[in-house]
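Novice: sequence unknown, structure follows:
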């Protein structure tokens, strides 16, 4: 059993910020399970293009409001607490925030922790170090 | 892309209650990804014995307070918003709530939705139907 708190990982290598977002990864690839688990916060009034070409991601909104644009289809969805989106087709998407947003996110395969979004907003696939 | 809300699944077959807990499964095995994703609420002042012999589970507390007992080691941990526990060794454990608790939970392999805890609090492994 592994027990950790969001406070404990704040300011460590598990706490990564870029662009308008910040991601606290409480479970990472090095923990040896088949997914990683992150708390992501995004600044208010920001536009964020994402694309996870190598990962499946599920995002469940805990706080805040905004809009999700599926750039594959052009469809927009409102985001509010209780909304979940599953990027099961590596969908290119844009999150536009109205307020500060907080969401819990699952990645499969697990994010290792050394990835940064490349110029296309893609996380590369990184092997779990032994 | 799949977009759903907690409200949408409330009262459907994705909303399962037993004992002192209720689990709203917004991503299930049938969605075709490698994990399921649940919002679990547990009643205040309750004692809940769990054991997932066939699944890895990560639980991140969003609301409420209680105590987690690792029945394998006898160690207890306080539970509060921001605490995460990862049952990476199928650990037998007991959650004792002080207030109503709400947590977001990841299961790998995914829960299919037809499982109920058996007399030992174990979810059986059920194949994803095609």
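Specialist: Okay, I see it. Not measured: the values here are computed from a predicted model. Residues are numbered from 1 along each chain as shown, chains lettered A, B, ... in the order given.
Novice: The helix or strand that contains residue A:26 vs chain B: in contact?
Specialist: Here residue A:26, judged by DSSP states H and E, is contained in strand A:21-27. Yes - counting by C-beta under 8 Å from any C-beta of the partner chain, chain B has neighbours in strand A:21-27: A:26, A:27. (Glycine included, C-beta is placed from N, CA and C.)
Novice: Mind listing the strands that strand pairs with, and their directions?
Specialist: In the sheet, strand A:21-27 lines up against strand A:15-18 (antiparallel), strand A:36-42 (antiparallel) (DSSP bridges).
Novice: What is the subsequent helix or strand relative to the last one?
Specialist: Next along the chain after strand A:36-42, taking DSSP H and E as the criterion, comes strand A:47-50.
Novice: Show which residues not belonging to the very next helix or strand once past that next one make contact with it.
Specialist: Next helix or strand after strand A:47-50 toward the C-terminus (DSSP H and E): strand A:56-63. Here strand A:56-63 makes contact (C-beta atoms under 8 Å, 6 or more residues apart in numbering or on different chains) with A:40, A:79-88, A:90, A:100-108, B:26-27, B:33-35, B:37, B:39, B:62, B:104.
Novice: List only those of those flagged as buried.
Specialist: Among the contacts of strand A:56-63, those scoring as buried are A:40, A:79-80, A:82-87, A:90, A:101-108, B:26-27, B:33, B:35, B:37, B:39, B:62, B:104 (criterion: 16 or more other C-beta atoms under 10 Å in any protein chain shown).
Novice: which one is residue A:81 nearest to, not counting chain neighbours?
Specialist: Using C-beta to C-beta, 6 or more residues apart in numbering or on different chains and skipping residues adjacent in sequence, the residue nearest residue A:81 is residue A:61, 5.5 Å away.
Novice: beta partners for that neighbour?
Specialist: Residues in a beta bridge with residue A:61, per DSSP bridges, are residue A:103.
Novice: swap in residue A:85?
Specialist: Beta bridges link residue A:85 to residue A:59, residue B:3, judged by DSSP bridges.
Novice: That one contacts residue A:78, doesn't it?
Specialist: No - the criterion here is C-beta atoms under 8 Å, and residue A:85 misses it with residue A:78 at 11.1 Å.
Novice: Show me the common contact partners of those two, please.
Specialist: Common neighbours of residue A:85 and residue A:78 are listed as residue A:68 (criterion: C-beta under 8 Å, 6+ apart).
Novice: where in chain A is pLDDT low?
Specialist: For chain A, the stretches flagged by pLDDT under 70 are A:115-130.
Novice: coming back round to it: looking at the strands paired with strand A:21-27, which is closest to residue A:67?
Specialist: With C-beta to C-beta as the measure, strand A:36-42 is the member of the strands paired with strand A:21-27 nearest residue A:67 (11.9 Å).
Novice: and that closest one with strand B:56-63, angle?
Specialist: Per axes from the mean of the first three to the mean of the last three C-alpha atoms, to 10 degrees, the angle that strand A:36-42 makes with strand B:56-63 is 30 degrees.
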